[in-house]
Each structure stands twice: as structure tokens, then as C-alpha cells.
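Engineer: Next one to model:
(chains A and B)
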There are 2 protein chains.
Amino acid sequence: MTSPPDARRAVVVGTGLIGGSLGLALRGRGWHVTGRDLDSGRAERAVALGALDAVGHDPAAEITFVCTPVSSIAAEVRAALAGGGVVTDVGGVKAPVVAAVDHRCYVGGHPMAGSEQEGVDGADAELFEGATWVLTPTVDTDPRAYALVQSVITSLGADVVALSPQRHDELVATVSHVPHLTAATLMALAADGADEHAAVLRLAAGGFRDMTRIASGHPGIWPDICAENRDAIVDGLDRLVGSLSAMRDLVQRGDRGGLLAALERARAARVHLPAPAPEPEHLVEIRVPVPDRPGVLAEVTTLLGELGINIEDLEIAHSAEGPRGVIVLVVEDTAADDARKALVAQGFHPSLRRLS
Amino acid sequence: MTSPPDARRAVVVGTGLIGGSLGLALRGRGWHVTGRDLDSGRAERAVALGALDAVGHDPAAEITFVCTPVSSIAAEVRAALAGGGVVTDVGGVKAPVVAAVDHRCYVGGHPMAGSEQEGVDGADAELFEGATWVLTPTVDTDPRAYALVQSVITSLGADVVALSPQRHDELVATVSHVPHLTAATLMALAADGADEHAAVLRLAAGGFRDMTRIASGHPGIWPDICAENRDAIVDGLDRLVGSLSAMRDLVQRGDRGGLLAALERARAARVHLPAPAPEPEHLVEIRVPVPDRPGVLAEVTTLLGELGINIEDLEIAHSAEGPRGVIVLVVEDTAADDARKALVAQGFHPSLRRLS
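Structural biologist: Model prediction:
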């Protein structure tokens, strides 16, 4: 498969599972993708697997995805920005990187997608279909850079949720980092027991297997993540320890009502966990006239992100008559009223139009 | 489907998910199964679904499975024993029930199998295929009762592991009860965050979904389980809180080496978690001459159970020449040497013979 000469051009830096999957997904949509990796053998492997057109640099690329380990993202993003174009990344921690880069053509990103596969050989063109993909615009982000990243990611089938870098890091500590460390801890405790009683692992049925599955991944990325997101993870672990201690006291006291209430609350929350990738059937366009000042795009998108509202499409329309513009957002109709109220509460004057 | 007139006969008390699955599995193997339930509509439903031949009692049954909630098992087991035959149960906590019943024709049991389905409508004839099924013989257990329960359960495709009731309860706290309470706690913490930031639940990707899936089950059984297995659960939660606090300190200190070592250890344990239901290809028969004294069957079987060794088949051969017998065990060849050493260390004189 070779890309057509007029193909849109992207670069992927770091061709592991995510970088390789991005290459496959973009090439499947007609893009020309150039990639590189510190491990040149891995980049060559990505070419062999059809995830890249070429190894190296591409000054003509309109977008670069930095898919390296967290500790080297900031340096790679800066290097990519020096070459021009818009740059985004896929790191699991955002605030330190966003602060270190601080450039209007960089938009922090984090696809909430993974796989038990490892490396480029596990790459999958469908990896992002229906996945939530966080973007972390700031007051300095160029709205056109944001709109470009949003549109490319949406074209891969992902649901974009905009959050501030700090909020992303807090929330991801709760739903990813702390659960990961907890899975490892549960597994280690069972293994401790197994030193004495091998039977314990024979008793590990489906629920335990589900809970500890993520502990089977390579731990190499975790020291970086724990260092970069230390405060949120420590806070999350403190809250978990507090809650487990409260649970222990309910069991110790034989407080049946308290136990039932705690479990019932968790059950209700789990049952209502939003399903990944609902295909929206009915869409509403929200037009938000905005002053042409820095940060208004980040303000509007993260306002909706905080409410868990996925922005299906986004466009920046600049007014011909002065220093104003219009942000055009497309959201599911079920979310439209919440979005409108939140925008009005912040002093915006949105107008809604049903699309389908 | 009607059972042949010479069919073996079983009774199932409590026709929920497990009782219904037992009925389906036994009837599929030619048994005549009678059942009852406090909720007579549920028993009728089990008949309609093909899980029972009839509702009521069956004085001719050779085995009764008590599949009621934990708090009523002891009373139901005693009632069933009064009717004759061998009785077993499927409760998730064993020591209190076994102590309360204390009868030579009762063998405590616990299939480590479940389903996200609920009630008899979720019943599945294949539920026990490859599942680990714990039996908890004591010094008072009649070896013939044990051998009967073992053979019936094995015929359903389950792997039998014998453990003392106390050991079962400790181990199941580690791999089932504490993980369940932890899943609920993680889910509740994420939901707390969602009150403020709905986005948190949009970020909950595959790993978090896997970890919290068991929290979506009906919590009704948990107050009983937590009451009956209180000490082991409190101890398990204490150990978990201690380990999570240690993990928190590693993160706080930025101890990369310590963190990596902890995660690497968990990974190794998770990767080596024994796969459920390996079909043994090569079997070894172990003949263990035993004195004809109480408890020797429990001693031999739980000795192997502690090592995580599944007993594929078991037979009690009584000697014609005096107060001795032979316990004939069949195990996988990979486990045979460990089994032999453990038996020798306890003063037995086992002999081994390769079967396949």
C-alpha cells in the first residue's frame, strides 16, 4: 500500500503499540505517515507491518504525534515543534509536559486506549474506535491547532473530551494509576499467600483474574508515571486507604446496613458507567460567539469536558466584523441542554440547532 | 427430556444460578434431579428451564446439593441429612457451616465459579467445566461420602482441591472477598469524583472496567459472607491497607527501584497464575496405604490441596487383611513428585504408577 501523492502527511515519533496503531489507523484513512524510534529496528518493523510509509523526518507533515515514554515527551515535542506543524502527544500524565512545552501549536493528548499486547507487533488500526481521547488545551493553545488535532482524532473514531492538564492528571490517577497499583498489590498479596499455600492461586476465579489482569503488563512505564503524577497518585492512594479502612470497620463491627449501602452505591455507579463508544444518533450544533482573546477555546472545551461531554465535532469560525469569532461545537442531543446551561452560567450566549 | 427409570438421583436445595446450573449439568449427564426453593416460583421456573425433573423431596436421592444463601446452609444441610444420603453445599464460607453441621455424611464444598448472570435464568450447564471446586473434608468425614462427592463433581468437569475449612476461608478472603470489597471501594471513589467531575467516568477505560466489574453484582449476599468470614476478611483488608500504604510511600519518596521491584513481582505472579482447566494429558496413580483411623482421608486430600494439587480421581480401597485401607489418588504427572514428597514427609508410603 502506498499513499497517494496528495495525501495528508503525519509523523509518529515512537513506534510502539500506540504509535504503531496510529500509523495503521492514519494510513488506513489515506494519510502518508513517516515515523521514527530511538530503536531503529522497531521503526523498520513498523514499516514492515504497514504502520509507516517511511522512517525518518517529514518537514511537510501537518501533524506530529509524539508517542514516546512520558519522561522524553517534552523534549520530543519541542524538537517536533522546531520542525513546524501542529504537535500532540499520547502520554498518560499531562500537566508537567504541558507546562514544560508551553507552545501554542502543541495540544496535549491522552487516548484512554490500550491493549494487553505490547510493542508495535500488537498495533491495531481499530485501537481508538470508541475510545475516549483527552485533549488538554490551555489559554495559550492556538484554536486552529486544537481544531486540527480534534478533527484528526475524531476521524479515527475516538471520542474527544477536553480537560485542563491538571484535571486530567487528577482524574486519571483515580481511574487508572491508583487502580493499576491496587491490582499489583492484590496480586502480590495473593502471591505472598501462595508461597505458603499454593492452593490460593487455584482458587483465583474470574473476578480475581479480571481485577489483576492489568498487573500483567510490563512495569517499565510506571516509575515515570508515578514520578510525573506523584501528588495525585499519593492523594488517590490516601483516599483509597481511608475508604478501605472504613470498609474494614464496617466488616469488623458487623454493620450489615452500612456494608449493604456501600456496596449498593458502588453497584449503582458501576451499572451506570457510561458504555464506551455510543454512536450518537442525534446531534446538536452549539454556536458560541466568543471574544477573540487567548484561552477562550480552552475555557469552552474544558467546561464541557468537566461535564463528561464528548465534543463530536468542532470548528472555529472567525467573524468578518471585528475581534470576535464563533466556536461551533457538535454534541449529542442528550448532552446539549447541560452544555447550554454550563455555557450560559459562564457568561456565553450559545445558540442551538438540531442536526439530526 | 425425562430421566431413565434407573437414573441416579440427586436433590438441589435452592434453585438460583448455582443450583440451576447443577440441575442442568446433572440432568445432562443422565441424573434425575429433584429441587426445591423457598421461593416456589423459582423452583417451578427451574423445571420450566429443564434444570429440574420435579419440585419437592426425593428420599431415594444419593446426594443433596444445598445451594442456599450462606446464612441458611447449616439448617438446610441438617434437614437434608435427616433424609439420608450424602450432603454437600456450595457456600462461599466453610468453617462456620462445617462446625455447625459436624456430620460424617456431610462434605463442605465451594465451586469457584460464577457468572454475571443472576438467578436460575442465568443457569448454565457448562458453568463448572474447568472450575476449581474446593471440598473441605474433616477428621470426621466418611471417606465414602467424600469419594462420592468428589466423583460427582469431577464428572461435571470441575477440578477438585481439598482444603481444611479454615484454610479455605483464609484463602478465599484473599482471592475473592477482599478483592470484591476493593472493587466496590475503587468504584465508589471514582463515583465520588464524578459528583464533581462527570468526566472521570468517561476516562474509565478497559483496565478500570475489568477491575470494577464484580462490583456490579447484587450486594445482597455480602453482609452474610462478611459476617461469616469476618476475621479472615478483616485480616485481609488490614494486609491490603498495609501494602497500599507501603506502595504510597514508594511513590511519595520517588523510589523507582522499589516501585519497579513491586510491580515486577506482581507481574510475574499474574503471568504465572495457573490457567483454569488444563486438561491433564498425563496422569499418575498414587496408592497410599493408610491406617483405618478417622481423619486420614482429610489429612491426605488436604495435604495435596495445600500444594494446589488437583485430585483428578479418588478411590478408597479397603484391605481384606485387617484394619488398613488404600487411598488411590490420580493426579497430573507434573504434580506427582510433589505429592509423593509431601506424603512421605507426613509418614505415608505412597507408590506411583503412570496411567497415561
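Engineer: remind me which residues of the stretch 51-200 of chain A are low pLDDT?
Structural biologist: Counting by pLDDT under 70, the stretch 51-200 of chain A shows low-confidence ranges at A:115-117, A:196.
Engineer: State the number of residues packed around A:Arg267.
Structural biologist: 19 (other CB atoms under 10 Å in any protein chain shown). C-betas here are computed from N, CA, C, even on glycine.
Engineer: And for A:Asp195?
Structural biologist: Using other CB under 10 Å: A:Asp195 sits among 8 other residues.
Engineer: What helix or strand is it located in?
Structural biologist: Assigned by DSSP states H and E, A:Asp195 belongs to helix A:178-196.
Engineer: Got phi/psi on A:Ala162?
Structural biologist: When read as degrees, to the nearest 10, the backbone of A:Ala162 gives phi -90, psi 130.
Engineer: make that A:Val33, sorry
Structural biologist: phi -120, psi 120.
Engineer: and it, how far is that from chain B?
Structural biologist: To chain B, A:Val33 is 24 Å away according to CB to the nearest CB, to the nearest Å.
Engineer: thinking again about what came up before, now the next helix or strand after the helix holding A:Asp195, how far from the centre of its chain.
Structural biologist: Sequence-wise, the next helix or strand downstream of helix A:178-196 (DSSP H and E) is helix A:199-202. On the basis of CA atoms, centre = their mean, to the nearest Å, helix A:199-202 sits 36 Å off its chain's mean C-alpha point.
Engineer: close to chain B, is the lengthiest helix in chain A?
Structural biologist: Secondary structure of chain A per DSSP state H: the longest helix is helix A:230-253. Yes - using CB under 8 Å from any CB of the partner chain, we find that helix A:230-253 touches chain B at A:230, A:233-234, A:236-241, A:243-245, A:247-248, A:250-252.
Engineer: Can you turn the buried part of those residues into a PyMOL selection?
Structural biologist: A single PyMOL command is used to select the members of those judged buried by 16 or more other CB atoms under 10 Å in any protein chain shown:
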select buried, chain A and resi 230+233+234+236+237+239+240+241+243+244+247+248+250+251
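Engineer: So what does A:Val11 have for phi and psi?
Structural biologist: In terms of degrees, to the nearest 10, the main-chain angles of A:Val11 are phi -120, psi 140.
Engineer: Tally up the residues packed near it, please.
Structural biologist: Neighbours of A:Val11 under the rule other CB under 10 Å: 27.
Engineer: where's A:Leu127, which helix or strand?
Structural biologist: Per DSSP H and E: nothing holds A:Leu127, as it lies in no helix or strand.
Engineer: My understanding was that it contacts A:Met112; is that so?
Structural biologist: No - under the criterion of CB atoms under 8 Å, A:Leu127 is not in contact with A:Met112, lying 10.9 Å apart.
Engineer: wait, what's in contact with the residue of the stretch 1-150 of chain A found nearest chain B?
Structural biologist: Closest residue of the stretch 1-150 of chain A to chain B, CB to the nearest CB: A:Met112 (4.0 Å). For A:Met112, the contacting residues are A:Ala131, A:Thr132, A:Trp133, A:Val134, A:Ser176, B:Leu203, B:Ala204, B:Ala205, by CB atoms under 8 Å, 6 or more residues apart in numbering or on different chains.
Engineer: number of nearby residues for A:Leu17?
Structural biologist: A:Leu17 has 22 nearby residues by other CB under 10 Å.
Engineer: And it, how close does it get to B:Val344?
Structural biologist: According to CB to CB, to the nearest Å, A:Leu17 and B:Val344 sit 49 Å apart.
Engineer: Over to A:Val251?
Structural biologist: 41 Å.
Engineer: Then A:Arg253?
Structural biologist: For A:Arg253 relative to B:Val344 (CB to CB), the value is 47 Å.
Engineer: Likewise for A:Arg248?
Structural biologist: A:Arg248 sits at a distance of 42 Å from B:Val344 (criterion: CB to CB).
Engineer: residues in the stretch 51-200 of chain A within reach of chain B, list them.
Structural biologist: Residues of the stretch 51-200 of chain A lying near chain B by CB under 8 Å from any CB: A:112-114, A:131-132, A:134, A:159, A:161, A:163, A:167, A:170-172, A:174-176, A:178-191, A:193-194, A:197-200.
Engineer: Recalculate using a threshold of 7 Å.
Structural biologist: A:112-114, A:132, A:134, A:161, A:163, A:167, A:171-172, A:174-176, A:179-191, A:193, A:197-200 (CB under 7 Å from any CB of the partner chain).
Engineer: Pull out the buried residues from these.
Structural biologist: A:112-114, A:132, A:134, A:161, A:163, A:167, A:171-172, A:174-176, A:179-191, A:193, A:197-200.
Engineer: OK, contacts around the closest residue to A:Val161 other than its chain neighbours?
Structural biologist: Excluding the flanking residues, the one nearest A:Val161 by CB to CB, 6 or more residues apart in numbering or on different chains is A:Gly305, at 4.7 Å. Going by CB atoms under 7 Å, 6 or more residues apart in numbering or on different chains, A:Gly305 touches A:Val161, A:Ala162, A:Leu163, B:Ala199.
Engineer: In which helix or strand does A:Gly305 reside?
Structural biologist: Here A:Gly305 is assigned to helix A:296-306, by DSSP H and E.
Engineer: Kindly report the same for A:Val12.
Structural biologist: A:Val12 belongs to strand A:9-13, assigned by DSSP H and E.
Engineer: all helices of the stretch 51-200 of chain A, in order?
Structural biologist: A:70-82, A:95-101, A:143-155, A:165-172, A:178-196, A:199-202 (DSSP state H, counting those that start in this stretch).
Engineer: Please name the spatially closest residue to A:Ala342 (chain neighbours excluded).
Structural biologist: A:Leu303 (5.5 Å).
Engineer: actually A:Asn229, sorry about that
Structural biologist: Counting by CB to CB, 6+ apart, the residue nearest A:Asn229 is A:Val93, at 4.4 Å.
Engineer: who's in contact with the one you found?
Structural biologist: Taking CB under 7 Å, 6+ apart, one finds A:Val70, A:Asp169, A:Ile225, A:Glu228, A:Asn229 in contact with A:Val93.
Engineer: and the fourth one, backbone torsions?
Structural biologist: Same thing as A:Glu228. According to degrees, to the nearest 10, A:Glu228 has phi -70, psi -30.
Engineer: so it touches A:Val70, yeah?
Structural biologist: Yes - look at A:Glu228 against A:Val70 with CB atoms under 7 Å: they come within range, at 5.4 Å.
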